[in-house]
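Participant: sequence-free structure coming up:
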């Protein structure tokens with residue numbers, strides 16, 4: 001499944017109202033660790049059709065980062081039934097990211 005670009009306009013429909021768990025990657029283009037995590041997140045999106053994967057560019061959607069108290073990036077948050085289920089901050093290996101939604 002393709003990664004969804006999340007914005008203020010589609011966040012509620014794509015994440016909070018999703019019938020699947022959603023892995024959300026809060027990132028920015030200038031963030032080195034974010035660039036390391038991004039291809040892993042893309043891979044997870046392709047390999048795990050049971051979850052939805054989205055990315056929030058914190059420079060373009062700072063309101064969403066603020067709403068979820070994202071202080072450092074990359075921050076990965078898994079939402080289940082519209083609520084935060086698990087989260088991690090900083091670059092993670094693939095197994096660490098997959099453990100968030102297991």
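Facilitator: It's in. Quick caveat: nothing in here was measured; it's all calculated off a predicted structure.
Participant: what ranges do the helices span in this protein?
Facilitator: With DSSP state H as the criterion, the chain has helices at 11, 32-47, 62-67, 94-101.
Participant: now residue 34: how far from residue 50?
Facilitator: 25 Å (C-beta to C-beta, to the nearest Å). Where you see a C-beta, it was placed from the backbone N, CA and C, and this is true even at glycine.
Participant: swap that for residue 85, please
Facilitator: 14 Å.
Participant: tell me which of those two has more neighbours.
Facilitator: Per other C-beta atoms under 10 Å, whichever of residue 85 and residue 50 has more neighbours is residue 85, with 14 against 9.
Participant: I figured the more buried one hits residue 76, correct?
Facilitator: No: applying C-beta atoms under 8 Å as the test, residue 85 and residue 76 come out as separate, 11.2 Å apart.
Participant: any common contacting residues for the two?
Facilitator: residue 100 (C-beta atoms under 8 Å, 6 or more residues apart in numbering).
Participant: before we move on, the earlier item: return the most buried member of the helices of the chain.
Facilitator: helix 11 (a mean of 22; mean count of other C-beta atoms under 10 Å).
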